[in-house]
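Peer 1: everything below, folded, please.
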Amino acid sequence: MSVAPSHPQQTERLAALYAYEILETEREREFDDIVQLAAAACGTSISVINFIDAERQWFKAETGLGVRETPLATSLCSHVILEDEFVEIHDTLLDQRMSDNPLCCGDPGLRFYAGALLKTAEGLPLGTLCVLDYEPRELTPLQRDTLRVLANQVMAQLDLRKMLRHAEMLRKEVDHRVKNSLQSLSSLVRLAGRNAKAEETTEALATIGSRIDAVTMLHQELYRTDAGHIIEIGRYIENLMSHFRQIAPDNVTLKCQVTDTKVTSNQAVAVGTLINEFVANAFKHAFPDNRPGQIDVIVTRNADTRILVTCRDNGVGLSKDAELSTGGLGMQIAAVISAELDAKLDVDTKLDGLIVTFEFDSMLSQ
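Peer 2: Residues are numbered from 1 along each chain as shown. Sure thing, here's the model as predicted:
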């Protein structure tokens, strides 16, 4: 029996095959559909997607065969990967490579073979998409073209999956580095804030810290949802509030009432910065002497697509002569929100609490 020699680039070929991580995977409809279509289009009893491993021929998908692998010694495709991109053998018993192959000489024997190579962009053959039958025959030009196109579809599936795995690995590495960088930066800002002598410097660093916290939460949301630059603002704010509940004083309750609506990541950071600033300052100033209190964050969407955000507490409030900058809600924050959201920030300085509201248009609705 004629056994096919190893491919001239066998080491590189096997490395390329293993890089696709396709061997030993379960059957999948995407590949099963391809072999069924190939058999129907070519009018054959058998069709397989096979990969030539070091010692075996393994089938990702098959119809009409009933096995998942065969020894390499009897593999017809192990000969084919040494040849052109498309091989058609009208009668295997007339081909010296296969005339004594048990799969061809048996009863019934495989008498017809046609296969299109599955090869990498570098030209390394991994296996074939092939059709087989028990009688000699010949494909039409259309059937040959169909087999070639379907083989290209198999490789397109493999290449896409490989790229997605690579992208996922890169994304995890980026996520790890971003989280470490944000944590380091946040620690440095807090350390600088504790060591600052001037109250103005302390407040400025606290504002920067709030911004970093908002970006950190945003990064976690982007990574978790994989939604690009689009954010569900309701879920994002709920995550922020969950974070605040973990660090809230025992005498303070936080409640959140949100309507899910999509905004850009830049808008989400701006909203998160303000909420961070409001809640942090409420913790610090609104409830002196362990006075029990509540902080509410409410997000609604109007019929005209405008988004309304309300932050309020039932604390001691601000005195009538207090300036906007009191409690850390400085004009710098108002300027940031106004510039990034094109929104007017309203502050109601009641003696029995503080209410901050702002309304803006989602850039996605424009």
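Peer 1: surely Val299 is in contact with Gln267?
Peer 2: No: here Val299 does not reach Gln267: they are 12.0 Å apart, not a contact under CB atoms under 8 Å. Placement of C-beta: from N, CA and C, glycine included.
Peer 1: give the residue spans of the stretch 151-300 of the chain that score low on pLDDT.
Peer 2: For the stretch 151-300 of the chain, applying pLDDT under 70 flags the ranges 168, 170-179, 203-204, 207, 210-211, 213-215, 217-229.
Peer 1: which helices and strands does the lengthiest helix in the chain pack with?
Peer 2: Taking DSSP state H as the criterion, the chain has its longest helix at helix 141-195. Under the contact criterion of 3 or more CB pairs under 8 Å, 6 or more residues apart in numbering; DSSP states H and E, helix 141-195 touches helix 29-42, strand 86-89, strand 112-119, strand 125-133, helix 199-225.
Peer 1: repeat that for 6 Å
Peer 2: helix 29-42, strand 112-119, strand 125-133, helix 199-225 (3 or more CB pairs under 6 Å, 6 or more residues apart in numbering; DSSP states H and E).
Peer 1: can you report phi and psi for Phe51?
Peer 2: Per-residue torsions, Phe51: phi -130, psi 130 (degrees, to the nearest 10).
Peer 1: pretty sure it contacts Pro125?
Peer 2: No: counting by CB atoms under 6 Å, Pro125 is not a contact partner of Phe51; they are 9.8 Å apart.
Peer 1: how is this structure divided into domains?
Peer 2: As assigned by automatic domain parsing, the chain contains the domains 10-162, 228-365.
Peer 1: mean pLDDT lowest where, among those domains?
Peer 2: When the domains of the chain are compared by mean pLDDT, domain 228-365 comes last with a mean of 79.
Peer 1: just put the helices and strands packed on helix 141-195 in a markdown table and tack on mean neighbour count and distance to Met241.
Peer 2: What follows is the helices and strands packed on helix 141-195, written out as a markdown table (neighbours: other CB atoms under 10 Å; distance: least, CB to CB, whole Å):
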| stretch | mean neighbour count | distance to Met241 |
| --- | --- | --- |
| helix 29-42 | 18 | 42 |
| strand 112-119 | 25 | 52 |
| strand 125-133 | 26 | 51 |
| helix 199-225 | 18 | 10 |
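Peer 1: make a markdown table out of those and add distance to His166.
Peer 2: Shown next, in a markdown table, are the helices and strands packed on helix 141-195 (distance: least, CB to CB, whole Å):
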| stretch | distance to His166 |
| --- | --- |
| helix 29-42 | 19 |
| strand 112-119 | 19 |
| strand 125-133 | 18 |
| helix 199-225 | 17 |
